[in-house]
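Chemist: I would like the atomic coordinates for the input below:
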Amino acid sequence: MGCGHISSPLALRRCPALSSTYMRMWLESQAALKELLAQELPSQPPRPEKDQRLFFHMLATLFLRYTQILRCLETCYDQMVHPQKRRVLQHVLDGVMGRVLELKNEMVETELSEYHYMDDVLQDLKLTPADMEVPIPRYFVNQRAKVLKERQQVLSEILARVEPTMPSGLFRPPMLRDKAVQLVQMAERMRQGRLRSKFMWEIRRDEEREKRARESGAKELDREQAAICIQKVWKGCLQRRCTKLEREREMAFIGMAPDPKALGLSAAMLRAQLGEEFRHLRQADYEAEYQQALVSIREGLYEVEGPDMREEMKEQLRQWFIECHDLTGCFPEFPDEEIGGSSILFAEKTPEQVKAELDLLEAEGQRKKDKKKDKEKAKEGKQKKGKDKKQEEDESLKLSLSKFLPVISEGFTQYQTIWGNRDESHNFEQRYEPELMKAQKRKEVEKELRLQVDEVMREELQRLKLAVDREEGKPRKEKKSSKQKGKKGGKKEKDLTPDRTLDSLYEELVLQGILKQAQRVQLADYTGDFCYLGTTLRMAGIEPTPSVMDIRQNIALYAILRLGSPTLHEMAPLVKSVLLAGPAGTGKKMLVHAVCTETGANLFDLSPDNLVGKYPGKAGLSMLMHVVFKVARLMQPSVIWIGNAEKTFYKKVPKEEKQADPKRLKRDLPKALKLLKPEDRVLLIGTSDKPYAADVKTLCKAYERILLLPRPDYASRYVTWQRLIKKHGGTITTALDVSALAKLSDGYSQGHMAQAVRMALTERRLLQMPKKPLRAGEFLQLLAKADPIYSEEEKTLQDWYMKTPLGKKRLKAAQERADRKEGKGKDKKGKKGKK
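Modeler: Residues are numbered from 1 along each chain as shown. Sure, this is the predicted structure:
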């Protein structure tokens, strides 16, 4: 993907404010995009691929190459300061993200699996597993920082008013003086007892030592021998200490251990970090200048060029009136505002637009012919239909039409046209270009003036008709068009709270405990490693266990990217709901909070346990669903979380839970999801550790995507142990064998590991750490108290997953492959028998 020949000194001089590293990255991305667009938009349509493995290899290659471009573009966009360039670059960035989502959808349909293993493709492209991770654009939160801060303040104020009235779980009643004295006396007696027992132990030890010396007949050492013995022990201690230090230095030198001297960030990293922060500040300043300039330039154009534009438009329309009257003998009808008004009369079409219209007409004619042919084919026999279906299946392995390739191509061409050959040596600080802004605002001013001129000229045309042709002006049929529009629109949801403000609804949901404050968790905190043998295992017919990195990738693609960008949510394959199923402690709730943090989304908790006693009755339930989805739409992006999602679709409600009525949302939830439109950035996320307790059909109707979260593998446990120990203030030394700890903790979840670390690393233990380093046994003793994830539970979850729609398709495809192999084997045997 390199493009060294493009990054010439002249090209780098054109954008002086962007450092050479980011400029080179941007130029390489342009070269890679140009190559991919030529590959995906060829002059002739590509032939369909019959081999599924080759087709998936092509999809995986495209996915990884677009992911690499996305990583570069996201970094460049974050560091670019020019406000006009940033808008074009964001257009391209959204297009590349959308293409990545489309390719992900294609891979799911091809492999019939949510998890994909591309280690062979990574090897071909000479990439590392870290290079395939989809980045989360920082502008999702940065562009809405002010709104998020205001919303956070409002939420904090509401919670501050509620907290004094709410009973606190940490409240302790005052202690009586007598009881306090008893506790102090008890603690002092225990301390004295421990000291006395230690003193007695030392006395017994000395007596035993003297007794052993008498029995062995050992003589007392003289002064010289004692000095030699002490020197021997001391020199050995010094040498061991020096050897240990040399060993640590050697490991740090070869990069196998962190350098103990390097505390915190290096000087180079600090400079880079300061440079990034400085560019962010410049971005904000330049953006504010750009917005002010937009207003002033528009007003200037309206005052200076507006009168001339208005007169020119009037003259054009009067000329058109006269020409039509000379040709037809009567004045024409003025075009309605709904179809564009007078702008359609003077719209100049390029040859490409004319050709596109002709192609559309030809395509419509071809469709009509194809429909006729399909009707004729439908009359043929069943056998012929079966053959046609097989042929269609063989030829179906081809890429579907992309909505985002034209977006990428348009943004790429726009950047090349405007900025490709533009010399910016005079614009060292990369501020806005006034001439480009004038061209943009001139069109807006012209459009606004045309509406005003159209109203004036309609009246003038009517007066001309009355004066010259003596004709009455025909009224426009506005009612008819409005009726047609009304017929086209579907049923609208009835607003149950028309008199309520958004702020009052928001406060009500917070007070009821439905709208909650999401925890500050990054997706990168869900640590783990890559599955290095995925392709090898699949080739051998063994389904590999998804790694933590695979789960994180799917969360980014299905939830974060779609919620973060309005363009992606409208144009990409729509995903309204996701179910995270897996054993307890595997990080399902953490992922929900990570989605809210990375996108700045609101968190609505509709878990059955949280709804007990709230909004009772059918009317209350309807009001609850209406208010939640109304606020979620108006304050998008939003995440609606349902913990213990299986309870909503129980096969049989347990006796102890019947009073809580966990199945309240069973009917209303799917109906509410159907009303969501592509422009509504609202995502339903369910979490469940017992999904097999629910009815599969109704559960899968509510949740479009189902992700199975297994227990962590060895590599993920190793990384997780390191992160948790460092997070809670621990230090990893050679005394702590993390590898053994990861090996022995097999079967335990990340939740169990986090609980063991919290219990082990107390304040007292952290103070003892310099003299007494951490050991694996301390964590294993606490971990052994928790119940592990048994293999039976994992097998039950895997069997349940095979009953989901995607699991059924996968089983069916595997059965068809097995049948084909058996059929080929029989054919070969038959041929041998004939011979």
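
Chemist: hmm, residue 766 is touching residue 757, no?
Modeler: No - at 11.7 Å, residue 766 does not count as touching residue 757 under the criterion of C-beta atoms under 8 Å. Quick note: C-beta positions are derived from backbone N, CA and C, even for glycine.

Chemist: now do the shared contacts for those two.
Modeler: Residues touching both residue 766 and residue 757 by C-beta atoms under 8 Å, 6 or more residues apart in numbering: residue 730.

Chemist: point out where the stretch 301-450 of the chain drops to low pLDDT.
Modeler: The model of the stretch 301-450 of the chain has pLDDT under 70 over residues 345-396.

Chemist: in the stretch 501-650 of the chain, which spans are strands?
Modeler: In the stretch 501-650 of the chain, the strands defined using DSSP state E, counting those that start in this stretch lie at 515-516, 577-581, 602-605, 638-643.

Chemist: work out the gap between the shortest one and the centre of the chain.
Modeler: Right, the one you point to is strand 515-516. Centre-to-centre, strand 515-516 and its host chain are 21 Å apart (C-alpha atoms, centre = their mean, to the nearest Å).

Chemist: what's it in contact with?
Modeler: Residues contacting strand 515-516 (C-beta under 8 Å, 6+ apart): 155, 506, 509, 602, 603, 604, 605, 631.

Chemist: looking at the residues you listed, spot the one nearest residue 118.
Modeler: Nearest to residue 118 among those, counting by C-beta to C-beta, is residue 603 at 32.9 Å.

Chemist: got CSV for the contacts of strand 515-516, with distance to residue 26, neighbour count and pLDDT too?
Modeler: Below are these laid out as CSV (distance: C-beta to C-beta, whole Å; neighbours: other C-beta atoms under 10 Å; pLDDT from 0 to 100):
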residue, distance to residue 26, neighbour count, pLDDT
155, 39, 17, 84
506, 41, 20, 86
509, 44, 21, 87
602, 35, 23, 89
603, 36, 20, 90
604, 39, 22, 91
605, 42, 20, 89
631, 40, 22, 89
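
Chemist: just flag the most distant two among those residues.
Modeler: 506 and 605 (14.5 Å).

Chemist: picking up where we left off before, residue 766 and residue 757: which has the busier surroundings?
Modeler: Comparing residue 766 with residue 757 by other C-beta atoms under 10 Å, the one with more neighbours is residue 757, at 22 against 14.

Chemist: surely that one meets residue 732?
Modeler: No - the criterion here is C-beta under 8 Å, and residue 757 misses it with residue 732 at 11.9 Å.

Chemist: what residues are shared contacts of those two?
Modeler: With C-beta under 8 Å, 6+ apart, residue 757 and residue 732 have common neighbours residue 725.

Chemist: and stretch 676-684, average pLDDT?
Modeler: For stretch 676-684, the mean per-residue pLDDT is 89.

Chemist: and that stretch, what's buried?
Modeler: For stretch 676-684, burial by neighbour count (16 or more other C-beta atoms under 10 Å) applies to 676, 680, 681, 682, 683, 684.

Chemist: do stretch 638-653 as well
Modeler: Quick answer for stretch 638-653 (16+ other C-beta under 10 Å): 638-650.

Chemist: residue 78 is in contact with residue 141, isn't it?
Modeler: No - contact criterion C-beta under 8 Å: residue 78 and residue 141 do not qualify, at 11.7 Å.

Chemist: residue 650 and residue 665: what is the separation?
Modeler: 12 Å (C-beta to C-beta, to the nearest Å).

Chemist: where does pLDDT dip in the stretch 551-700 of the chain?
Modeler: Looking at the stretch 551-700 of the chain by pLDDT under 70, you get an empty list.

Chemist: okay, helices next: where are they in it?
Modeler: Using DSSP state H, counting those that start in this stretch, the helices found in the stretch 551-700 of the chain span residues 561-564, 566-571, 588-599, 617-634, 668-674, 696-702.

Chemist: any idea which of these is most buried?
Modeler: helix 561-564 (a mean of 26; mean count of other C-beta atoms under 10 Å).

Chemist: counting by contacts, list what that one packs against.
Modeler: helix 83-111, helix 566-571, helix 588-599 (3 or more C-beta pairs under 8 Å, 6 or more residues apart in numbering; DSSP states H and E).

Chemist: show me what contacts residue 124?
Modeler: Applying C-beta under 8 Å, 6+ apart, the residues contacting residue 124 are residue 61.

Chemist: what helix or strand is it on?
Modeler: helix 119-125 (DSSP states H and E).

Chemist: and what of residue 33?
Modeler: helix 20-40.

Chemist: what angle sits between that helix and helix 83-111?
Modeler: Counting by axes from the mean of the first three to the mean of the last three C-alpha atoms, to 10 degrees, helix 20-40 points 50 degrees away from the direction of helix 83-111.

Chemist: tell me the mean pLDDT for helix 20-40?
Modeler: 82.

Chemist: what residue ranges in the stretch 1-150 of the chain score low on pLDDT?
Modeler: The low-confidence ranges in the stretch 1-150 of the chain, as defined by pLDDT under 70, are 1-20.

Chemist: helices of the stretch 251-400 of the chain, residue ranges please.
Modeler: Using DSSP H, counting those that start in this stretch, helices in the stretch 251-400 of the chain cover 267-304, 306-328, 351-378, 382-395.

Chemist: buried set for the following helix or strand past the last one?
Modeler: Same thing as helix 382-395. Per DSSP H and E, helix 382-395 leads on to helix 405-419 as the next helix or strand towards the C-terminus. Across helix 405-419, burial judged by 16+ other C-beta under 10 Å covers 405, 407, 408, 409, 411, 412, 415, 419.

Chemist: give me the buried positions along the very next helix or strand once past helix 405-419.
Modeler: Downstream of helix 405-419, the first helix or strand assigned by DSSP H and E is helix 434-464. Neighbour-count burial for helix 434-464 flags 437, 441, 445-446, 449-450, 453-454, 457-458, 460-462, 464 (criterion: 16+ other C-beta under 10 Å).

Chemist: also stretch 548-566?
Modeler: 548-565.

Chemist: ok, now stretch 243-255?
Modeler: residue 248.
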